[in-house]
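**Student:** sequence below, structure please.
(one chain, ligands or ions: 1)
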Amino acid sequence: MDVRQLDATRGDIARSYGEDGYVALEGFFGRDAIATINAEVERFITERVPSLPREQVYLENRDDPTSIKQIQKLHEHDPFFRALMEEGPVRRLAEIVLDGPVTCRNMQFFNKPAGVGQPTPPHQDGYYFHLQPCLAATAWLALEPVDEETGCIHYVRGSHKAEGFRPHARTGTLGFSQGIPDFGTADDRANDVGFPAQPGTMLIHDARTIHWAGGNRSTTRSRRALGFIFYSERAVFDEASWAAYQARLAADLASAGKI
Ligand SMILES: O=C(O)CCC(=O)C(=O)O
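**Tutor:** Numbering: from 1, shown residues only. Predicted coordinates for the structure are as follows:
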């Protein structure tokens, strides 16, 4: 979709997002655009990843450099990804759902490698964000076919409307250090919606929306995606508290031998 098409449907997008806490847009990027993005991801992995700090590249298996599960801040390391995040329709989508100007906070590569990709624990992104008020959105772009077997995203519809966050606790999952230990209530189950997706499908969710994904049970197919985190310019970011948490986390992961 281009910016003009998005603007033409902005009312519907904003209404659906406000009601459910997420929106799914099939064909947000067409086949050629996805082929280009996938080629750029490959180039980035070959050329840039070897020189990135280890806390920005997580592997499912520390001894296997091909088992990449997450890369952070692609937009800060590379002009192609900077433009994808800052200049095109992805940013406009975030401006629509957040109802105003946004800051481009992070762009991540999310993979669940075949056979070893671990589940994404149920969580609310805002719990990690250190924002007041919690006005932020995460867009998630499928780079290849994604289904229940490879670990598609699930949302709990309407969960963004609850007061505050659900209690979170440390998980053992690299890349998702906080999860909701009491997830699975009758309400969670009744409102759970899974999103199998084709390459080019864009999901976008409110930072308070509970979401999770299964592990990758396929032994042949990976599950590649890009995540784009935007903060509303109306929110205040507590940089010091975020940096302190990140430093503690990196030290814990290093001492546990996970990075
Ligand atoms: O790709 C995944 O499994 C998780 C993505 C996620 O949690 C997010 O984009 O906020």
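**Student:** any idea of the mean pLDDT in stretch 72-87?
**Tutor:** Average pLDDT, stretch 72-87: 96.
**Student:** would you mark the buried spots in that stretch?
**Tutor:** Neighbour-count burial for stretch 72-87, counted by 16 or more other Cβ atoms under 10 Å, picks out 72, 74-75, 77-78, 80-81, 84-85. Bear in mind the C-beta positions are built from the backbone N, C-alpha and C, glycine included.
**Student:** show me the residue at the heart of this protein, geometrically.
**Tutor:** Centroid check for the chain by Cα atoms, centre = their mean gives residue 227 as the closest residue, at 3.7 Å.
**Student:** quick check: that residue vs the ligand, distance?
**Tutor:** Residue 227 is 4 Å from the ligand, where distance means Cβ to the nearest ligand atom, to the nearest Å.
**Student:** ditto for residue 80
**Tutor:** In terms of Cβ to the nearest ligand atom, residue 80 sits 20 Å off from the ligand.
**Student:** rewinding a little: the closest residue to the residue nearest to the centre of the chain other than its chain neighbours: how many residues sit nearby?
**Tutor:** Spatial nearest neighbour of residue 227, excluding adjacent residues (Cβ to Cβ, 6 or more residues apart in numbering): residue 108 at 4.2 Å. Neighbour count for residue 108, taken as other Cβ atoms under 10 Å: 20.
**Student:** and the buried residues of stretch 72-87, which two are furthest apart?
**Tutor:** Within the buried residues of stretch 72-87, 72 and 80 form the most distant pair, 16.2 Å apart (Cβ to Cβ).
**Student:** helices or strands up against the helix or strand that residue 94 is a member of?
**Tutor:** Per DSSP states H and E: residue 94 is located in helix 89-97. Secondary-structure packing of helix 89-97 (3 or more Cβ pairs under 8 Å, 6 or more residues apart in numbering; DSSP states H and E): helix 3-8, helix 10-20, strand 102-112, strand 136-142, strand 202-206, strand 223-232.
**Student:** could you check the angle the last one makes with strand 102-112?
**Tutor:** Interaxial angle, strand 223-232 versus strand 102-112 (axes from the mean of the first three to the mean of the last three Cα atoms, to 10 degrees): 160 degrees.
**Student:** list the buried ones in strand 223-232?
**Tutor:** Across strand 223-232, burial judged by 16+ other Cβ under 10 Å covers 223-232.
**Student:** just those now: which is nearest residue 36?
**Tutor:** residue 226 (12.6 Å).
**Student:** got a pLDDT number for the closest residue to the closest one other than its chain neighbours?
**Tutor:** Once flanking residues are discounted, residue 226 sits nearest to residue 141: 4.6 Å by Cβ to Cβ, 6+ apart. For residue 141, the pLDDT comes out at 98.
**Student:** distance of residue 141 relative to residue 186?
**Tutor:** Distance, residue 141 to residue 186, by Cβ to Cβ, to the nearest Å: 32 Å.
**Student:** higher neighbour count, those two?
**Tutor:** When residue 141 and residue 186 are compared for neighbours, residue 141 comes out ahead with 24 against 7, by other Cβ under 10 Å.
**Student:** quick check: residues of this structure near the ligand?
**Tutor:** 110, 120, 125, 138, 140, 211, 213, 225, 227 (Cβ under 6 Å from any ligand atom).
**Student:** give the contact list for residue 148.
**Tutor:** 194, 196, 214 (Cβ atoms under 8 Å, 6 or more residues apart in numbering).
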